[in-house]
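give the three-dimensional model of this entry:
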Amino acid sequence: MPVFDLHHVSLVVSDTARALAFYRDVLGLQVDHARPDLGFPGAWLRLGEHGLHLLELPNPDPVDGRPAHGGRDRHTAVTVVDLDAMVTRLQAAGLDYTMSRSGRRALFCRDPDGNAWEFIESAVAGGDSKGPNT
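Numbering: from 1, shown residues only. I've put the predicted structure just below:
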């Protein structure tokens, strides 16, 4: 099989500092300072064994008019050990979220640029949490 793992995900953001306030300060991701000068602002963060690249570039996608529930939109899904702790962090930051409609322990929220995220509770960090994503 030629493809065997995910290396990183890149997201377009309008303001790196504002995006870092979400990804670093709310979600707790660690900044990877190895990002070279790419000719435009951005940041690299560690997402478990993988990377999240924030690209401060003009967004080609509409931000308005996206579905209120991130499960009805393209999104990135990650696992968390304690969904209640994630709820507490989102509420403390004044961020909206919706619970998964699948019945499993998961929620959806959006970053300041409208990128949707799904947080799935897993008893073991990085555990198997396969199933419907809505």
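
where along this protein do the strands fall?
8-13, 30-32, 42-47, 50-56, 75-80, 97-99, 106-110, 116-121 (DSSP state E).

what does the longest one contact?
In other words, strand 50-56. Strand 50-56 is contacted by residues 6-16, 19-20, 23, 29, 32, 35, 40-46 when judged by Cβ atoms under 8 Å, 6 or more residues apart in numbering. All C-beta atoms are positioned from the backbone trio N, CA, C, and that covers glycine.

what do you get if the cut-off is 6 Å, keeping everything else the same?
Strand 50-56 is contacted from outside by 6, 8-13, 16, 19, 41-45, using Cβ atoms under 6 Å, 6 or more residues apart in numbering.

next, format the strands of the chain as JSON lines and append distance to residue 87.
Converted to JSON lines, the strands of the chain look like this (distance: least, Cβ to Cβ, whole Å):
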{"stretch": "strand 8-13", "distance to residue 87": "22"}
{"stretch": "strand 30-32", "distance to residue 87": "22"}
{"stretch": "strand 42-47", "distance to residue 87": "20"}
{"stretch": "strand 50-56", "distance to residue 87": "21"}
{"stretch": "strand 75-80", "distance to residue 87": "10"}
{"stretch": "strand 97-99", "distance to residue 87": "7"}
{"stretch": "strand 106-110", "distance to residue 87": "7"}
{"stretch": "strand 116-121", "distance to residue 87": "9"}
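
deepest of the ones you listed, which one?
Of all the strands of the chain, strand 106-110 has the most neighbours on average by mean count of other Cβ atoms under 10 Å, namely a mean of 23.

does the most centrally placed residue in the chain have beta-bridge partners, and which?
Computing the C-alpha centroid of the chain and ranking residues by Cα atoms, centre = their mean puts residue 117 first, at 4.4 Å. Note on residue 117: beta-bridge partners by DSSP bridges are residue 76, residue 109.
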